[in-house]
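Pasting the sequence and the predicted model now:
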Amino acid sequence: MSRRATLLASLAAAAVLAAILVVRLLPQISLVGVGSRAPAFQAIDLRTGRPARLADYRGKVVLLNIWATYCIPCRTEMPAIERLSRRLAGTDFHVLAVSVDVVDSTAVDAFVRELGLTFDVWHDRPGITQRLYQTTGVPETFVINRDGVIVKKAIGAMDWDDPVNEILIRRLLAEPA
């Protein structure tokens, strides 16, 4: 085989390998953020003790908060999330707080009772939600519109009952389902 033929065969093989790598790796390196479809997941609903799915909220506006009981900023922002949830009660807005604590659910349940949280709290002990949403820590929060698209991502604690956040949620609620 001539040098030229060997070179062409090597280049063709490299191109095929590169194409395979791109096809296999691209979904893994796509960042989850504003404009992305919210990744589907399930976790244990603390109220029922049964698995629940994000798909159960299809057609709703969701504030997805990923948090942990050991996280001081999480503890700080929970009352504001509770106030926002109560202020928008009776609408298609739902708060879904997913604890990624590796401890059993009794610690998470005690935290929820201590703070008097009334919104939905799930426990994802294996931390699948963190991997799917590519979080770098806790808390991280995603506002998801009725179509399942992330419209806001917040890293760290926020004052969720601030007027700016409430206006965003109300605008999303005003959009047709």
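In hand now; what should we look at?

so how many other residues sit close to V62?
24 (other CB atoms under 10 Å). Just so you know, the C-beta spots here come from the backbone N, C-alpha and C atoms, and that holds for glycine as well.

Now do the residue nearest to it when sequence neighbours are not counted against V151, distance only.
In space, and not counting its chain neighbours, V62 is closest to I144: 4.3 Å by CB to CB, 6 or more residues apart in numbering. To V151, I144 is 7 Å away according to CB to CB, to the nearest Å.

between those two, which one's more packed in?
Shown here are I144 and V151; by other CB under 10 Å, I144 has more neighbours (23 against 17).

give me phi/psi at the more buried one?
phi -120, psi 130 (degrees, to the nearest 10).

And stretch 40-49, what's buried?
Using 16 or more other CB atoms under 10 Å as the test for burial, stretch 40-49 gives F41, Q42, A43, I44, D45, L46.

Actually, stretch 151-161.
V151, K152, K153, A154, A157, M158, W160, D161.

Quick check: of the residues you listed, which lies closest to P126?
Nearest to P126, judged by CB to CB, of the buried residues of stretch 151-161 is K153 at 22.2 Å.

and the closest one, what helix or strand is that in?
Secondary structure from DSSP states H and E places K153 in strand 150-155.

tell me what that strand is packed against?
If you count contacts as 3 or more CB pairs under 8 Å, 6 or more residues apart in numbering; DSSP states H and E, strand 150-155 packs onto strand 140-144, helix 163-174.

Now do the helices in this protein.
3-29, 72-87, 105-115, 128-132, 163-174 (DSSP state H).

Name the residues that touch the fourth one?
When contacts are defined by CB atoms under 8 Å, 6 or more residues apart in numbering, helix 128-132 is touched by residues V32, P39, F41, A43, I66, V98, V100, D124, T135.

For the protein, which helix or strand comes out least confident on mean pLDDT?
helix 3-29 (a mean of 62; mean pLDDT, DSSP states H and E).

thinking again about what came up before, taking the contacts of helix 128-132, please make a PyMOL selection of just the buried ones.
With 16+ other CB under 10 Å as the criterion, this PyMOL line picks the buried residues out of these:
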select buried, resi 32+39+41+43+66+98+100+124+135
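
quick one: contacts for the residue nearest to V62?
A38, Y57, V61, V62, L63, L64, I150, V151.
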